[in-house]
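>>> any chance you can model this:
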Amino acid sequence: QVQLVESGGGLVQAGGSLRLSCAASGRTFRQFAMAWFRQAPGKDREFVAAAGWDGGATAYGDSVKGRFTISKPIATNTVYLQMNSLKPEDTAVYYCAAGYSVAKVRGVYDYWGQGTQVTVSL
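Here you go, the predicted structure:
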């Protein structure tokens, strides 16, 4: 099995920054594509960003383009999400996911973390 553990969430004022981290452990014999999704209360889980196994290929959701940056160091199963210019609408539980290809859909990813709360206040 593969376990994903997120960290770095918290409370920040609008316009501020946070950096999320996610590390995979367990049966990690190969490099994964890794992604971030988020879910706000009463809403569907939304794609945020993804990076390929070597960190080279990246994809972003429209609502975070230009503000968030995903990075995945090569030869690791760790992924980071640098979030800048945060807005109250970014408030959500952020989930890390791992799979074998970069995609914006949940079904592609085989492993999920428990989530970390991000709250952006006015």
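
>>> pull the number of nearby residues for Arg106.
By other CB atoms under 10 Å, the residues close to Arg106 number 16. C-beta here means a position set from N, CA and C on the backbone, and glycine is covered the same way.

>>> OK, contacts around Ser21?
By CB atoms under 8 Å, 6 or more residues apart in numbering, the contact set of Ser21 is Glu6, Ser7, Gly8, Thr78, Val79, Tyr80.

>>> would you mind giving those as JSON lines with neighbour count and secondary structure added?
Shown next, in JSON lines, are these (neighbours: other CB atoms under 10 Å; DSSP: H, G, I helix; E, B strand; the rest coil):
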{"residue": "Glu6", "neighbour count": "22", "secondary structure": "strand"}
{"residue": "Ser7", "neighbour count": "13", "secondary structure": "strand"}
{"residue": "Gly8", "neighbour count": "16", "secondary structure": "coil"}
{"residue": "Thr78", "neighbour count": "15", "secondary structure": "strand"}
{"residue": "Val79", "neighbour count": "28", "secondary structure": "strand"}
{"residue": "Tyr80", "neighbour count": "19", "secondary structure": "strand"}
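
>>> and those residues, which is closest to Trp53?
Trp53 has its nearest neighbour among the contacts of Ser21 in Val79, at 10.6 Å by CB to CB.

>>> show me what contacts that closest one?
If you count contacts by CB under 8 Å, 6+ apart, then Val79 has Ser21, Cys22, Met34, Ala35, Trp36, Ala51, Ile70, Ser71, Lys72, Cys96 around it.
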